[in-house]
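# mind folding the following:
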Amino acid sequence: MVFSHTAMIKSLSTVAVLVFCLAFLPGVAQAASNTDVAHSDSITWNLKLEAAMKAAADSGRQVIADFFTDWCKWCKVQDESTFTDARVIALGSRFYFVRINAEVDTTNAMKYGVNGYPTVILFDKTGAEVDRIVGYLRPEEFIATIEDYLEGTGTKAALETKSRENPQDLGIRFQLVMKYEGRGDFDMARVQIQQIMISDPDNGSKVTDKAMFELAVMDRKEKNWYKSIESFRKFIKKFPGSKMREDAETYIPWLYAKAGDKKQALKFYKAFLDEFSGSSQVGWVKDQIKLLEAPADSNAAKTSG
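Coordinates of the predicted model:
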């Protein structure tokens, strides 16, 4: 689901000033010609990444591209909170904002290895990726992360340098896992995970369980449903006390449903309700059970997620 940013023009005088300014800023004019919002109390969203990048090259500004899908819950949360925050809107004086439905513009989604939503990519004025944010961030976190990236802090390149200098720092290695995974570079992510698991099999660093969880997540992203189920089971067996166990326990039936095994999906969803009756995920699990038990010819029979 996507929050709709409706175009609104406050007055003819505002339009007149905008036209005057654009007459002297051809780069900005080209980007603005592809917008659906054009006033300072909301973000000006450019509809085309290529047009925004050209305007950025002409003006020296940078580009923030938001990759989303219609079904992504956290995309909607980010639309309705982060992207409506005045502090984030104010970044429009320094950046061009672009919205990209990853299931419509599949070319750019594949080009940049986008595999989780929301994904926000920061591009410099040459069109090169500075770094990206995968997942929802609150306004203050979003702004702080963008500013850090501009200073070279917390980027993939910076973390790779730190990891070479401090190879025993498993926290840095796990940050790299997430950087590689967010780019669809699962092979490099798995290399880092293997190093973490060898160095700290008992989770003394408090990152090994997270790394093992991400192994299963990557299998899921590659649509290896049964392999992902087995990976989550290994995770649960190895780290039964992990804070992520509930997530793993809900992933397993969801994956069975994706694989078309409704019987097993229902079995594990109901087992979850028995074991984790106080979980915040109970409502969602009950909804999944209703969907699976709906008549086969019903549109509701499709599992969500």
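
# which parts of the protein are strands?
Along the chain, the segments classed as strands by DSSP state E run 45-46, 62-68, 95-101, 119-123, 129-134.

# quick one: closest of those to Trp254.
Within the strands of the chain, the stretch nearest Trp254 is strand 129-134; the backing value is 19.7 Å (C-beta to C-beta). In short, each C-beta sits where N, CA and C put it, glycine included.

# could I have the closest one exported to CSV, CA atoms only?
Extracted C-alpha coordinates of strand 129-134, given in CSV (Å, rounded to 0.1, in the frame of the first residue of the first chain):
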residue,chain,number,x,y,z
GLU,A,129,25.3,5.1,-5.2
VAL,A,130,26.6,6.6,-2.0
ASP,A,131,24.7,4.0,0.1
ARG,A,132,21.2,2.8,0.9
ILE,A,133,18.7,2.4,3.8
VAL,A,134,16.8,-0.9,3.8
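
# tell me the strands beside that strand, with direction?
strand 119-123 (antiparallel) (DSSP bridges).

# ok, back up a step: possible to save the strands of the chain as TSV with distance to Lys258 and mean neighbour count?
TSV is the format used below for these (distance: least, C-beta to C-beta, whole Å; neighbours: other C-beta atoms under 10 Å):
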stretch	distance to Lys258	mean neighbour count
strand 45-46	32	24
strand 62-68	21	24
strand 95-101	22	23
strand 119-123	21	23
strand 129-134	21	20
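
# Throw these into TSV and include mean pLDDT and distance to Ile289, thanks.
TSV is the format used below for the strands of the chain (pLDDT from 0 to 100; distance: least, C-beta to C-beta, whole Å):
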stretch	mean pLDDT	distance to Ile289
strand 45-46	90	38
strand 62-68	97	28
strand 95-101	96	30
strand 119-123	98	30
strand 129-134	97	30
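
# mind giving me JSON lines with those strands and columns for distance to Lys156?
Below are those laid out as JSON lines (distance: least, C-beta to C-beta, whole Å):
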{"stretch": "strand 45-46", "distance to Lys156": "25"}
{"stretch": "strand 62-68", "distance to Lys156": "17"}
{"stretch": "strand 95-101", "distance to Lys156": "20"}
{"stretch": "strand 119-123", "distance to Lys156": "12"}
{"stretch": "strand 129-134", "distance to Lys156": "6"}
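
# figure out which of those is closest to Val177.
strand 129-134 (11.7 Å).

# what's the angle between the closest one and strand 62-68?
30 degrees (axes from the mean of the first three to the mean of the last three C-alpha atoms, to 10 degrees).

# who touches strand 129-134?
62, 112, 116, 118-124, 142, 145-146, 149-150, 154-156, 178-179, 181-183 (C-beta atoms under 8 Å, 6 or more residues apart in numbering).

# so which of the strands of the chain comes closest to Asp247?
Closest among these, using C-beta to C-beta: strand 129-134, at 16.3 Å.

# what about the closest one, distance to the chain center?
Offset of strand 129-134 from its chain centre (C-alpha atoms, centre = their mean, to the nearest Å): 10 Å.

# try stretch 115-132
With C-alpha atoms, centre = their mean, you get 11 Å for stretch 115-132.

# how long is it from one end to the other?
12 Å (C-alpha to C-alpha, to the nearest Å).

# make a ChimeraX selection of the buried ones in the contacts of strand 129-134.
This is how ChimeraX selects the buried members of these, with burial counted by 16 or more other C-beta atoms under 10 Å:
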select :62,112,116,118,119,120,121,122,123,124,142,145,146,149,155,156,178,179,181,182,183
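
# then stretch 278-298 to PDB, C-alphas only?
Output of stretch 278-298 as PDB, limited to C-alpha atoms (Å, rounded to 0.1, in the frame of the first residue of the first chain):
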ATOM      1  CA  GLY A 278       0.900 -13.600  24.300                       C
ATOM      2  CA  SER A 279       2.800 -12.600  21.200                       C
ATOM      3  CA  SER A 280       2.200  -9.300  19.400                       C
ATOM      4  CA  GLN A 281       2.000 -11.400  16.200                       C
ATOM      5  CA  VAL A 282      -1.100 -13.400  17.300                       C
ATOM      6  CA  GLY A 283      -3.500 -11.200  15.400                       C
ATOM      7  CA  TRP A 284      -1.500 -11.500  12.200                       C
ATOM      8  CA  VAL A 285      -1.200 -15.300  12.600                       C
ATOM      9  CA  LYS A 286      -5.000 -15.600  13.100                       C
ATOM     10  CA  ASP A 287      -5.500 -13.600   9.900                       C
ATOM     11  CA  GLN A 288      -3.200 -16.000   8.000                       C
ATOM     12  CA  ILE A 289      -5.200 -19.000   9.300                       C
ATOM     13  CA  LYS A 290      -8.500 -17.400   8.100                       C
ATOM     14  CA  LEU A 291      -7.000 -16.800   4.700                       C
ATOM     15  CA  LEU A 292      -5.800 -20.400   4.400                       C
ATOM     16  CA  GLU A 293      -9.100 -21.800   5.600                       C
ATOM     17  CA  ALA A 294     -11.100 -19.600   3.200                       C
ATOM     18  CA  PRO A 295     -12.800 -21.400   0.200                       C
ATOM     19  CA  ALA A 296     -10.300 -22.300  -2.500                       C
ATOM     20  CA  ASP A 297     -12.000 -20.100  -5.100                       C
ATOM     21  CA  SER A 298     -11.900 -17.100  -2.800                       C
END
